[in-house]
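Student: Pasting the sequence and the predicted model now:
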Amino acid sequence: MDSTPGIGNESVIPAAGGPDVQPPLAPGLVHMLLAAVDDAGEGVVVTDAQSLRYEYVNNTAARLFHLPREELMRLGPVECLAWMSDDGGDPGASSQYERVRQVIQRTIDDHLNPRAQEMEVRRRDGTTFWAEFTRRAILSGDRWIVISLIRDISERRAAQSRFELFKRALDDSDEAIYLVDPQRLVFVDVNERACRMDGVSREELMRIGPVGWDFNAADLRARCDAAIAAYPNSVMEEVRREQPGGKVLVIEKARRAIRSEGEWLVIVHVRDITERKAAERQLKRHLEELARSNEDLEQFGYVTSHDLSEPLRMMTSYAQLLHRRYGDRLDDDAREFMGFIVDGAKRMKLLIDALLEYSRAGRSAAPRQATALDRALDDALANLAHAIRDSHAVIERGPLPTLDAEPVAMMQLFQNLVGNALKFRGADEPLIRIEAVDLGEEWRMSVTDNGIGIRPQDFQRIFVVFQRLHDRTRYEGTGIGLSICKKIVERHGGRIWVESSPGAGAAFCFTLPKTRVASPPLAPAAQAD
């Protein structure tokens, strides 16, 4: 079929809205012009205002609608509207025909001012694209035709949507953000937080610009050049800024260069860190006071230990001397009382030593290093060799990892846990299993035994210093071994717990992170309970 029906036969096209008739165009020239329009960058559709049929559709329009050119011509605007989005016609119109007629009539009524409209167009195959329609009515002879130019603006709309999201994110940011043109030394944009921080409107801040805002031109250019030289990294700076009224803010600035359409821009993130700096100073003071307090407490512990130990040693010595010299003159009750004095003094000495050892846990200057937990367990088992042999214990062990830790603390941790398993054994020979499980970001170690077990209500209590579950006449100890285990594990960034029930043994589990956790190194812990 003829690809340009109707249009090729027109001899006169008057100027829109003007009374003058233009000289007729030669038919050959008309066809040349139409051939050029066929593959123009925009879709071109010519509609007869009376019949509401398409008189001309170029190839670009057909491609935009994903339809053959002949099919689009056959359908016409009325059928196309059935699957397109609302084009602005009266929602109360009774038919698609009436809606198209309304659009055409409005275009004719406003023919001196071409109508432009952006809309999302739905194609017959269900896909969509954003289009900009520019309609213009032209009186051709005694009839009106409407020329519609259709431009695909999907990419522009997507870019606009991304920009609006970016802009909204900037305005919602807790940081003041300034976008600076380093060549012209002007603000390209600022966010709402920047306006609030500076106490001016966006328009006023844009007018002031970065030179009046913070620097002279030479300083600002030097800082922008430094940001460009550091690309893609940021340049950090901390400054003090006096606000109106005399309040001084501590400001942290991060400048980062970005490329936009071949040009450099510098984005400046500004944070008010006044409160943070004040909190850091206060924290530093508290830490210094805590360090002094710990030193005083440790010194007090040493002095107290010495001052208490001497009287205890004297009590023990004289009680033993009294028992040796005059024991045969004392009755059984007196000798028993003397024994109580000696035993009590010995227990007091053990408690004082244990308390000092607990206070020193975590205060060693020994550095952390790559520590093979297999080696730490070897050392712990060597220290417990006598107890293992006497109890006929069976030790089963799996491979253990190498972690960043304090070696002596790891040895003491295993020694305390295995020592507890040996001490609180049941009627059967002790069976103790040590193993590790990889949990991804951390390791979980466990020391499992077949001993007397623990009641669930005591799971937390056993990790409290000096807490004992059993009479000391049956199970010796000071009650700090598990407390020190907890201290060691937590100082290394892990946690420790027990899984058990009475008569069913116990599994002491603890985790240690694979990456180093910043905390003070640990001192050797105490022996197991």
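Tutor: Cool, the structure landed.

Student: Let me see the ranges of the helices in the stretch 1-150 of the chain.
Tutor: Ranges of helices in the stretch 1-150 of the chain, per DSSP state H, counting those that start in this stretch, are 27-38, 59-64, 69-83, 96-109.

Student: How about the chain?
Tutor: Counting by DSSP state H, one finds helices in the chain at the ranges 27-38, 59-64, 69-83, 96-109, 154-172, 192-198, 202-213, 217-229, 274-326, 332-360, 373-383, 385-391, 407-423, 481-491.

Student: can you give me the offset of the third one from its chain's centre?
Tutor: How far helix 69-83 lies from its chain's middle: 52 Å, per C-alpha atoms, centre = their mean, to the nearest Å.

Student: List the buried residues of that helix.
Tutor: 69, 72-73, 75-78, 80-81 (16 or more other C-beta atoms under 10 Å). Yep, even glycine has a C-beta here, placed from its N, CA and C like the rest.

Student: pLDDT-wise, what's the bottom of those?
Tutor: On pLDDT alone, Leu81 ranks lowest of the buried residues of helix 69-83, at 78.

Student: Please name the nearest non-neighbouring residue to it.
Tutor: Gln96 (4.8 Å; C-beta to C-beta, 6 or more residues apart in numbering).

Student: Report the contact partners of the one you found.
Tutor: Listed by C-beta atoms under 8 Å, 6 or more residues apart in numbering, the contact partners of Gln96 are 78-79, 81-82.

Student: Among those, which one lies nearest to Glu261?
Tutor: Leu81 (38.6 Å; C-beta to C-beta).

Student: That closest one is in contact with Val100, isn't it?
Tutor: Yes - here Leu81 reaches Val100: they are 5.8 Å apart, a contact under C-beta atoms under 8 Å.

Student: Tell me which of the helices of the chain approaches Glu435 most closely.
Tutor: Per C-beta to C-beta, nearest to Glu435 of the helices of the chain: helix 373-383, 10.7 Å.

Student: tell me what that closest one is packed against?
Tutor: Where contact means 3 or more C-beta pairs under 8 Å, 6 or more residues apart in numbering; DSSP states H and E, helix 373-383 is packed against strand 402-405, helix 407-423.

Student: right, so these: which one is the most enclosed?
Tutor: Most buried of the helices and strands packed on helix 373-383, by mean neighbour count (mean count of other C-beta atoms under 10 Å): helix 407-423, with a mean of 24.

Student: Please name every helix or strand in contact with that one.
Tutor: strand 369-372, helix 373-383, helix 385-391, strand 431-438, strand 442-448, helix 481-491, strand 506-513.

Student: go again using 7 Å as the cut-off
Tutor: strand 369-372, helix 373-383, helix 385-391, strand 442-448, helix 481-491 (3 or more C-beta pairs under 7 Å, 6 or more residues apart in numbering; DSSP states H and E).

Student: need the contact list for the residue lying farthest from the centre of the chain.
Tutor: Within the chain, the residue lying farthest from the chain centre (C-alpha atoms, centre = their mean) is Arg329, at 79.5 Å. For Arg329, the contact set (C-beta atoms under 7 Å, 6 or more residues apart in numbering) is empty.

Student: Make CSV out of the helices and strands packed on helix 373-383 and add mean pLDDT and distance to Lys349.
Tutor: Output for the helices and strands packed on helix 373-383, formatted as CSV (pLDDT from 0 to 100; distance: least, C-beta to C-beta, whole Å):
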stretch, mean pLDDT, distance to Lys349
strand 402-405, 90, 32
helix 407-423, 89, 21
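
Student: now those as a markdown table including distance to Thr60?
Tutor: Listed next are these as a markdown table, based on distance: least, C-beta to C-beta, whole Å:
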| stretch | distance to Thr60 |
| --- | --- |
| strand 402-405 | 66 |
| helix 407-423 | 75 |
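
Student: Which among those is found nearest to Val44?
Tutor: That would be strand 402-405 among the helices and strands packed on helix 373-383, by C-beta to C-beta, at 71.5 Å.

Student: What residues does Ala507 make contact with?
Tutor: Counted by C-beta under 7 Å, 6+ apart, Ala507 has contacts 446, 448, 498-500.

Student: Buried ones among those?
Tutor: 446, 448, 498, 500.

Student: May I see those organised as a markdown table, with distance to Glu203 and pLDDT added?
Tutor: What follows is those, written out as a markdown table (distance: C-beta to C-beta, whole Å; pLDDT from 0 to 100):
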| residue | distance to Glu203 | pLDDT |
| --- | --- | --- |
| Ser446 | 66 | 93 |
| Thr448 | 71 | 92 |
| Val498 | 66 | 88 |
| Ser500 | 70 | 85 |
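
Student: ok, of those residues, which one's closest to Lys284?
Tutor: The closest of the buried ones among the contacts of Ala507, once distances to Lys284 are taken by C-beta to C-beta, is Val498, at 37.8 Å.

Student: Please list the outside residues in contact with stretch 141-148.
Tutor: In contact with stretch 141-148 (C-beta under 7 Å, 6+ apart) are residues 12, 44-50, 55, 104, 107-108, 133, 135-138.

Student: Identify each buried residue in it, please.
Tutor: Here stretch 141-148 shows 144-148 as buried, counting by 16+ other C-beta under 10 Å.

Student: could I get those residues as JSON lines with distance to Asp353 and pLDDT?
Tutor: Shown next, in JSON lines, are the buried residues of stretch 141-148 (distance: C-beta to C-beta, whole Å; pLDDT from 0 to 100):
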{"residue": "Trp144", "distance to Asp353": "108", "pLDDT": "89"}
{"residue": "Ile145", "distance to Asp353": "107", "pLDDT": "88"}
{"residue": "Val146", "distance to Asp353": "102", "pLDDT": "89"}
{"residue": "Ile147", "distance to Asp353": "101", "pLDDT": "87"}
{"residue": "Ser148", "distance to Asp353": "97", "pLDDT": "88"}
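
Student: rounded to a whole number, what's the mean pLDDT of stretch 429-439?
Tutor: 92.

Student: Lowest average pLDDT across the helices of the chain?
Tutor: The weakest mean pLDDT among these belongs to helix 27-38, with a mean of 66.

Student: Can you give me the neighbour number for Ala159?
Tutor: 11 (other C-beta atoms under 10 Å).

Student: Now for it: which residues touch it?
Tutor: Here Ala159 is in contact with no residue (C-beta under 7 Å, 6+ apart).
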